[in-house]
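Enquirer: 3D, please:
(2 chains)
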Protein chains: 2
Amino acid sequence: MVQYQDAVLDRVFAALSDPTRRHVLESLGAGSLAVSELAAPHGMSLPGFLKHLRVLEEAGLIARTKEGRVVSCELSAAPMQQAATWMQRYEKFWAENRAAKK
Amino acid sequence: MVQYQDAVLDRVFAALSDPTRRHVLESLGAGSLAVSELAAPHGMSLPGFLKHLRVLEEAGLIARTKEGRVVSCELSAAPMQQAATWMQRYEKFWAENRAAKK
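Expert: This is a model prediction of the structure:
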C-alpha cells in the first residue's frame, strides 16, 4: 500500500484550489521564470500575488532562486507527485464504480 | 487544448485538502455506504462530519440517496476526472522539467 503524507496532501490540494496558483504552475511547466514575468498576466497587486507564491512555496510546489536582484521560481515536483499518485489510485476505483453502474 | 472549468477545479481541490474528506472518498471506492457507516471511523461529532460531507457534495464528488430512513452516499466521478486530467497534463511538464535537470 502506498503511504501518503496527509499533511503534504492537505497543503498541495489547498494550493491547487485557486486559479491564479494553478496558472503559475502551468506557466512554470516550460522552465523557471522571474517573479515579475509570472505576475504580469494576473493583473493583481504584487503583495497579493506574492501571497499566492508563498502558498505554493509552503506546499513545496515551487522553489525560489535569486540571481543578483532577480528572484525566479521553478517547479518542485515531488509533492505534486504524491497528490497525483493519490488521485490515480482512487481514479481506478471511480472508473470501476462507474463501469459497474452501466 | 483541454478546457477546465476553474470553478469546478477550485471546489474539487479544496474538498480534497482535508484528510477526513479524502478518507470518505476512499471508503466509497468500494460502493455506496450509509452516512452512519461512513462517520463511524472518524470519531467526530455528527454535525462536524456532515459539514465535511456537504463540502464533498458541493464539489460534486459525492451524491446522497435516501432509502426509508437511511441516507447513503456514493461517488460521483465526473468532477474528479477534471481534476485528474488537469494533474496528468501538468505532471508531464514536471517530469520533463525534472529530466532536463539531470
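Enquirer: From now on I want contacts and neighbour counts done on CA atoms only, so please keep to that.
Expert: Noted.
Enquirer: any idea which helix or strand carries the nearest residue to residue A:9 once chain neighbours are set aside?
Expert: Closest residue in space to residue A:9, ignoring its immediate chain neighbours: residue A:83 at 5.9 Å, by Cα to Cα, 6 or more residues apart in numbering or on different chains. Using DSSP states H and E, residue A:83 falls within helix A:78-101.
Enquirer: next one: residue A:60
Expert: Counting by DSSP H and E, there is no helix or strand that carries residue A:60.
Enquirer: and it, what is it in contact with?
Expert: A:12, A:76, A:78-79 (Cα atoms under 8 Å, 6 or more residues apart in numbering or on different chains).
Enquirer: Go ahead and build a ChimeraX selection from the buried members of those.
Expert: Buried members of the contacts of residue A:60, defined by 16 or more other Cα atoms under 10 Å in any protein chain shown, are picked up in ChimeraX with:
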select /A:12,76,79
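Enquirer: count of neighbours near residue A:23?
Expert: As a burial measure, residue A:23 scores 15 neighbours (other Cα atoms under 10 Å in any protein chain shown).
Enquirer: Repeat that for residue A:40.
Expert: The number of residues packed around residue A:40, counting by other Cα under 10 Å, is 12.
Enquirer: so how far is residue A:34 from it?
Expert: 10 Å (Cα to Cα, to the nearest Å).
Enquirer: what is in contact with these two at once?
Expert: With Cα under 8 Å, 6+ apart applied, the contact sets of residue A:40 and residue A:34 do not overlap.
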